[in-house]
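Chemist: Quick check, what structure comes out for this input:
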Amino acid sequence: MSEKKKVLIVGSGLAAYGACLALIKRNDVEIDLCDIGLKKPYKGQPEVSLPNAKDHNSSFYAYGLNDNRWNINLISKRMCSSHAYGGFSKVWSGSFLRPRDEDLTDWPADSIPSDEDYRSIIRTIKVSYQPDELNEVFPISGKIMHKEPQKKIYLGKSRIALNIHKKRGESRTATPFDTSIIFSEWIKKGFINYYGDTRLINVKKVEQFLEAHMEVSGKKKIIKYEKIFIGAGCINTTAIVDRSLYKFGTREYSIKLVPHLVQGLIKLSFSKSNNNHLFNAEDNYGFPTYFLEHRNKSTGYFWSHTQIGQINDFVFRKIFSKKLEFMFPLISKMISIFNFSLTVFNSNLRKDSKMKISISKSKGIITQSILINEEEYKCDNKMYLTTKLALLSKFLKLRLIPIPFSFLISKIFLKNSLGVWHFGGTLPMKKNSKIKTCCNSSGELLGQKGLFIIDTSSFPSIPGSTIGLLTMANAYRIAKKAIV
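Modeler: Model prediction:
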């Protein structure tokens with residue numbers, strides 16, 4: 001029997017889930033998975049929380065490149081955090097929708113995940129939804145009819161990815177999808193070898209193998225692999241690649257940014273139909289109630305995704321100090337008459353930002369410095385108006401009216417993200433590129449054969465939709481084809 005191919009997957013978020021899913025059933029592959037994996041703050045770690053996230057199975061502490069134990073200097077107005085199996089910063093709403101292929105602009109045709117790639121992910125996840133008009137254009141089955149949509153606006157109940165739990169003698173309980181639950185099962189069954197408290201420093205090519213230079217629990221370690229898949233998050237991933245390809249000097253990377261718009265909405269109906277009880281759970285976790293997809297000239301004819309729902313109590317608890325906690329019950333009553341909408345646009349509607357990475361040596365110490373130049377986003381008036389009109393066009397079902405100038409409130413809720421949502425595109429997949437920090441259509445880094453980028457870093461552009469499913473399907477596609 002031939003020896004198994006040894007591969008490394010870096011990170012334990014949605015991209016790692018997709019890559020693992022493609023490889024765990026193969027008898028000829030041995031999978032190592034590593035991440036920072038903190039289960040509690042390290043000594044002296046700043047306790048800075050992220051207020052615009054769901055309060056589920058997370059601590060919200062920023063770490064990764066912010067970790068002051070390493071010689072990395074990150075300069076950014078945005079708080080950057082790592083999503084890890086160990087329990088920290090696992091922030092994801094669970095919103096689940098496949099983007100339209102035509103919105104994956106600049107993607108090489110053979111880099112776009114197939115219907116089967118999407119279905120392979122969807123088959124493993126419970127998705128809570130109701131059949132409605134969204135299915136016409138964004139079917140949850142993963143198979144999209146490649147014909148021109150007949151309407152410019154589609155409204156439906158939200159699609160939420162869930163984990164289903166059932167203990168002996170208990171009824172089933174649903175919670176937001178969390179990769180740590182699945183990874184725990186895979187580790188227990190021996191499908192993957194997990195290494196927590198592990199940081200990948202760089203990757204070097206030695207003969208036909210890749211050497212992963214790692215720091216495991218503070219100790220340096222080198223392990224050889226046939227293939228390495230990096231899904232550590234855009235900034236982390238780009239920093240690893242830069243350290244792997246270059247020794248010293250300065251490089252500049254373009255960052256794709258997805259603009260978004262938050263609006264307050266006032267309810268004109270208090271019927272139960274506006275509540276989101278699509279699954280059996282102890283708490284609805286502040287999930288959005290509706291998804292609204294719209295496009296027109298103002299959105300560049302790209303589909304834009306709007307989530308509509310109640311204001312998350314957790315956000316308010318973070319905003320109000322402990323001294324004002326006694327006011328929260330009253331505030332909760334007041335905000336119950338309001339909803340909010342979060343609209344996400346295609347990255348082509350936002351100017352790219354820049355990230356400069358430098359590696360220098362001083363007094364025998366090598367330091368990597370990362371500077372992110374990101375301007376605050378101001379939503380175009382036409383995009384703001386067209387979104388408001390799209391919401392009003394569905395008034396008979398939503399019974400919601402946008403509050404004038406309520407987008408200003410977003411500066412309070414989302415001040416950390418500077419008015420944009422996802423990061424990506426620093427190491428984009430391109431056709432016939434000779435730039436070694438780009439990837440080919442298979443996700444393989446041009447400057448390092450055998451090294452694959454499976455997270456949003458490799459996205460040539462980012463659609464105006466939820467990207468959780470896209471991230472998993474793309475990583476699944478890359479890993480499936482990487483091992484011959």
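
Chemist: okay, now Gly44: neighbour count?
Modeler: Neighbourhood size, Gly44 [other CB atoms under 10 Å]: 7. No exception for glycine: its C-beta is placed from N, CA and C like everyone else's.

Chemist: Confirm it sits in a strand?
Modeler: No - under DSSP: H, G, I helix; E, B strand; the rest coil, Gly44 sits outside any strand and is assigned coil.

Chemist: Which strands and helices lie in contact with the helix or strand encompassing Asn236?
Modeler: In the assignment (DSSP states H and E), Asn236 maps to helix 234-245. Using 3 or more CB pairs under 8 Å, 6 or more residues apart in numbering; DSSP states H and E, the elements in contact with helix 234-245 are strand 198-206, strand 227-230, strand 249-267, strand 353-362, strand 365-373, strand 420-424, strand 451-453.

Chemist: try 7 Å
Modeler: Here helix 234-245 touches strand 198-206, strand 353-362, strand 365-373, strand 420-424, going by 3 or more CB pairs under 7 Å, 6 or more residues apart in numbering; DSSP states H and E.

Chemist: Look up the closest residue to Pro428, ignoring the ones flanking it.
Modeler: In space, Pro428 comes closest to Pro460 once its chain neighbours are excluded; the distance is 4.3 Å by CB to CB, 6 or more residues apart in numbering.

Chemist: for the one you found, phi and psi?
Modeler: Main-chain dihedrals, Pro460, degrees, to the nearest 10: phi -70, psi -30.

Chemist: How much space separates the closest residue to Gly231 other than its chain neighbours from Asp28?
Modeler: Among residues not flanking Gly231 along the chain, Ala15 sits closest, at 3.2 Å (CB to CB, 6+ apart). Remark: distance between Ala15 and Asp28 (CB to CB, to the nearest Å) = 22 Å.

Chemist: Okay, the residue nearest to Pro428 and Gln310: tell me how far apart.
Modeler: Noted for Pro460: a distance of 35 Å to Gln310, by CB to CB.

Chemist: Buried residues, the lengthiest helix in the chain. List them.
Modeler: Assignment by DSSP state H gives helix 468-482 as the longest helix of the chain. Using 16 or more other CB atoms under 10 Å as the test for burial, helix 468-482 gives 468-480, 482.

Chemist: hmm, back to that, could you redo the helices and strands packed on helix 234-245 as TSV and give each row mean pLDDT?
Modeler: Formatted as TSV, these follow (pLDDT from 0 to 100):
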stretch	mean pLDDT
strand 198-206	95
strand 353-362	95
strand 365-373	92
strand 420-424	78
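
Chemist: quick one: which of the ones you listed is nearest Glu3?
Modeler: Checking these against Glu3 by CB to CB gives strand 198-206 as the closest, at 17.7 Å.

Chemist: helices or strands up against that closest one?
Modeler: The contact analysis (3+ CB pairs under 7 Å, 6+ apart) places strand 198-206 against strand 209-216, helix 234-245.

Chemist: CSV please, covering the ones you listed and showing mean pLDDT and distance to Tyr118.
Modeler: As requested, the helices and strands packed on strand 198-206 are arranged in CSV below (pLDDT from 0 to 100; distance: least, CB to CB, whole Å):
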stretch, mean pLDDT, distance to Tyr118
strand 209-216, 96, 29
helix 234-245, 95, 22
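
Chemist: Just say which of these is most tucked in.
Modeler: helix 234-245 (a mean of 24; mean count of other CB atoms under 10 Å).

Chemist: Now do that helix: distance to the chain's middle.
Modeler: With CA atoms, centre = their mean, to the nearest Å as the basis, helix 234-245 stands 17 Å off its chain's centre.

Chemist: Next: stretch 469-480.
Modeler: With CA atoms, centre = their mean as the basis, stretch 469-480 stands 13 Å off its chain's centre.

Chemist: Now that stretch - C-alpha only, CSV.
Modeler: Extracted in CSV, the C-alpha atoms of stretch 469-480 (Å, rounded to 0.1, in the frame of the first residue of the first chain):
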residue,chain,number,x,y,z
LEU,A,469,-21.1,29.4,1.6
LEU,A,470,-18.9,30.8,-1.2
THR,A,471,-15.8,30.6,1.0
MET,A,472,-16.5,26.9,2.0
ALA,A,473,-17.4,25.9,-1.6
ASN,A,474,-14.3,27.6,-3.0
ALA,A,475,-12.0,25.9,-0.4
TYR,A,476,-13.7,22.5,-1.2
ARG,A,477,-13.1,23.0,-4.9
ILE,A,478,-9.4,23.9,-4.4
ALA,A,479,-8.6,21.0,-2.0
LYS,A,480,-10.6,18.4,-4.1
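
Chemist: residues in contact with Ile228?
Modeler: Going by CB atoms under 7 Å, 6 or more residues apart in numbering, Ile228 touches Val7, Leu8, Val10, Val203, Leu210, Ala212, Gly450, Leu451.

Chemist: where's it relative to Phe183, distance?
Modeler: On the measure of CB to CB, Ile228 and Phe183 end up 18 Å apart.

Chemist: Surely Tyr301 is in a strand?
Modeler: No - the assignment for Tyr301, made by three-state DSSP, is coil rather than a strand.

Chemist: give me the number of residues near it?
Modeler: Residues within reach of Tyr301, counting by other CB under 10 Å, total 12.

Chemist: coming back round to it: now do the SS call for the residue nearest to Gly231.
Modeler: Assignment for Ala15 (three-state DSSP): helix.

Chemist: Skip the chain neighbours and tell me the closest residue to the residue positioned nearest the centre of the chain.
Modeler: For the chain, the residue nearest the mean C-alpha position is Gly468 (5.6 Å; CA atoms, centre = their mean). Excluding the flanking residues, the one nearest Gly468 by CB to CB, 6+ apart is Leu14, at 5.5 Å.

Chemist: and if you look at Ser95?
Modeler: Nearest non-adjacent residue to Ser95, counting by CB to CB, 6+ apart: Thr466, 4.4 Å away.

Chemist: What's the local residue count around the one you found?
Modeler: Count around Thr466 with other CB under 10 Å applied: 27.

Chemist: and it, that one's in a helix?
Modeler: No - under three-state DSSP, Thr466 falls outside any helix and is assigned coil.

Chemist: which residues touch it?
Modeler: Per CB under 7 Å, 6+ apart, neighbours of Thr466: Ser95, Phe96, Leu97, His305.

Chemist: a markdown table for these, including secondary structure and pLDDT?
Modeler: A markdown table is the format used below for the contacts of Thr466 (DSSP: H, G, I helix; E, B strand; the rest coil; pLDDT from 0 to 100):
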| residue | secondary structure | pLDDT |
| --- | --- | --- |
| Ser95 | strand | 89 |
| Phe96 | coil | 91 |
| Leu97 | coil | 93 |
| His305 | strand | 96 |
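
Chemist: out of these, who's nearest Thr289?
Modeler: Using CB to CB, Ser95 comes nearest to Thr289 of those, at 11.4 Å.

Chemist: Test my guess that that closest one contacts Gly286.
Modeler: No - assessed by CB atoms under 7 Å, Ser95 is found out of contact with Gly286, at 11.5 Å.

Chemist: Give the residue spans of the protein that score low on pLDDT.
Modeler: Counting by pLDDT under 70, the chain shows low-confidence ranges at 1-2, 46-66, 79-83, 87-91, 165-172, 270-285, 312-328, 330-334, 407-421.

Chemist: measure Leu257 to Met355 for me?
Modeler: Look at Leu257 and Met355: by CB to CB, they are 11 Å apart.

Chemist: Could you do Arg399 as well?
Modeler: 44 Å.

Chemist: Those two: who's more crowded?
Modeler: Between Arg399 and Met355, counted using other CB under 10 Å, Met355 has the larger neighbour count: 23 against 17.
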